[in-house]
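Student: sequence unknown, structure follows:
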C-alpha cells in the first residue's frame, strides 16, 4: 500500500456541524490520524442528529433504532476516531491538554470566545506544545464580530454578496442550495494548515491559522469583477443566460434542460451550424464576440426555439457533432452516480459501521489523485465515543482505573 501524505500526523478535531468536520475529513483522507473530540453530555456532534438516518432497516426520516446513524455523520466522520470529553470539566480539560502535548494539529470551529473561556485556546496549547498548528474556522475571523457572531451558511451567503449573483435581474435574492459558505472555508483551512506543516519543517514552530467563512466566500466572489460590471452597466444577475459570453446559458429541450457554453468564435460558429444557421457565422451580428454580446437576446432566442422542438439526446448529439460544449442539466441524485466520479473516488459509497455493505448513498471522496500517495476515505464513521478507551490507554498511557473513574464521573 502506498503511503499517505500526512501519515504520522495527529489531528485533534474539536469541530461540529459541517465547516470544521469537512476540513478534518480532508486531513483524514490525506492520512492524518484524526481524533474527533465530542461532548458526552450533549450527544456529540450536532450532525449526529441530522435527518435522514441509515441503519439495518435502510434509510429513514426519523431514527427508529440505536443502529440508525445520521447520513451527515456517516459522511463527515469517516476515517476518524471518536473520543468523548467534557471540556467544561477541569478534568476534561486536562485530558485534552495531555492529547495536545504530542499532537500536530488542532482544528476548531467554536463560537467566538469559547476556547479562551474553556482554557484551550491557541495561547493555552502552544505553551505546552510550541510546534502545534492550531486552525480556527469562524464566521468572521478571530478579530471580528458580526451581529450575534453566529455564522450560519445562509448568513454568510447573504453577507458575501453571492445571493445577488444568481437569479433574474431585479428578482429576489437566491440562496444557493449547496451550502457554499460552509464548504469554502474548510478548503482554505486545509490549505493554510498544510502550508503551516511545510513551514514547520524548517522552523520547528507551529502557528495559528485564522479562517473566516465570510472572508473565504467573499474572496471567491471577488475572483469575478462584479464591481466592474456594475460600474460599466453590465448586469451582475443574468438568470439562465450570460449575455457577455453569448451564446452561454441553460436552455430547454422537449424533455429536459442543457447547459451551453460557447463564448469563443469557434464554439459559437459550431452552435450556429448545429441549429441549422451556419450562414450567420459571417453575419456581423454573430461573427465576432462583441457582436454576439450586443445581440445576445436574439441569439439566445434562436437557440431556445431550436432546442425546444427536439429531444434532449438529439440536441446534445447535434451540438457535440458541431464541436459546441454542452451538457445535460442533471439532478444531484443523478450527478453523484456518474461512474466517472465514482471510478476516481471523487465520490464514494457510504458504509454503516454495523449494517454491513456499502449503500447506494454517497459522500464526498478526495477530489484529486496523487501518483505517489494514497488518498482515500475507506473507514466508516465511528459511534459516539467508540475509541475513547483505546485513545486514552494507547495514546496517552492512562490506566484502566483512571479511565473508569473519569467515565463514572461523567468527564468521558
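Tutor: All right, it came through fine. All figures in this text were calculated on a predicted structure; none of them were measured in a lab.

Student: quick one, what contacts the residue lying closest to residue 384 once chain neighbours are set aside?
Tutor: The shortest distance from residue 384 to any residue other than its chain neighbours is 4.3 Å, reached at residue 44 (C-beta to C-beta, 6 or more residues apart in numbering). Quick note: C-beta positions are derived from backbone N, CA and C, even for glycine. Neighbour list for residue 44: 38, 82, 84, 384, 385 [criterion: C-beta atoms under 8 Å, 6 or more residues apart in numbering].

Student: what's the answer for residue 82, then?
Tutor: Residues in contact with residue 82, defined by C-beta under 8 Å, 6+ apart, are 36, 38, 44, 382, 383, 384, 385, 386, 387, 388.

Student: Try it again at 10 Å.
Tutor: 13, 34-38, 44-45, 48, 73, 381-388, 391 (C-beta atoms under 10 Å, 6 or more residues apart in numbering).

Student: Repeat that for residue 54.
Tutor: 60, 67-71, 73-74, 350-352, 355, 359, 361.

Student: isn't residue 382 right up against residue 13?
Tutor: No - in this structure residue 382 lies outside contact range of residue 13 using C-beta atoms under 10 Å: 11.5 Å.

Student: Quickly list what's touching both of those two.
Tutor: With C-beta under 10 Å, 6+ apart applied, the overlap between the contact sets of residue 382 and residue 13 consists of 36, 38, 77, 80, 81, 82, 83.

Student: Which parts of the stretch 101-250 of the chain are strands?
Tutor: The residue ranges that make up the strands of the stretch 101-250 of the chain, judged by DSSP state E, counting those that start in this stretch, are 105-108, 133-138, 208-212, 248-252.

Student: quick one on the thing from earlier: so which of the contacts of residue 44 comes closest to residue 113?
Tutor: Looking at the contacts of residue 44 and their distance to residue 113, the nearest is residue 38, at 20.6 Å (C-beta to C-beta).

Student: Report the beta-bridge partners for that closest one.
Tutor: Going by DSSP bridges, residue 38 is paired in beta bridges with residue 84.

Student: Confirm for me that it is in contact with residue 84.
Tutor: Yes - under the contact definition of C-beta under 10 Å, residue 38 touches residue 84, with a separation of 5.3 Å.

Student: quick one: common contacting residues for those two?
Tutor: Joint contacts of residue 38 and residue 84 (C-beta under 10 Å, 6+ apart) are 44, 384, 385, 388.

Student: And the third one, how close does it get to residue 143?
Tutor: The reference is to residue 385. Residue 385 is 35 Å from residue 143, where distance means C-beta to C-beta, to the nearest Å.

Student: between the two, which one's more packed in?
Tutor: Set side by side, residue 385 and residue 143 show more neighbours around residue 385, with 18 against 9, by other C-beta atoms under 10 Å.

Student: SS state for that one?
Tutor: The three-state assignment at residue 385 reads coil, by DSSP: H, G, I helix; E, B strand; the rest coil.

Student: nearest spatial neighbour of it, skipping sequence neighbours?
Tutor: Per C-beta to C-beta, 6+ apart, closest to residue 385 is residue 84, 3.8 Å.

Student: next one: residue 249
Tutor: Using C-beta to C-beta, 6+ apart, the closest residue to residue 249 is residue 241 (3.6 Å).

Student: I'd guessed that neighbour sits against residue 247; true?
Tutor: Yes - checked against C-beta under 10 Å, the pair residue 241 and residue 247 is within contact range at 8.4 Å.

Student: now the helices for the stretch 51-200 of the chain?
Tutor: Taking DSSP state H, counting those that start in this stretch, the helices of the stretch 51-200 of the chain run over residues 71-76, 90-102, 114-118, 122-126, 153-160, 180-203.

Student: So which of these is nearest residue 170?
Tutor: For residue 170, the closest of the helices of the stretch 51-200 of the chain is helix 153-160, at 17.9 Å, according to C-beta to C-beta.

Student: Can you tell me which helices and strands the closest one packs against?
Tutor: Using 3 or more C-beta pairs under 10 Å, 6 or more residues apart in numbering; DSSP states H and E as the contact criterion, the neighbours of helix 153-160 among helices and strands are helix 180-203, helix 213-221.

Student: relative to helix 180-203, how tilted is the shortest one?
Tutor: Angle, helix 213-221 to helix 180-203, by axes from the mean of the first three to the mean of the last three C-alpha atoms, to 10 degrees: 100 degrees.
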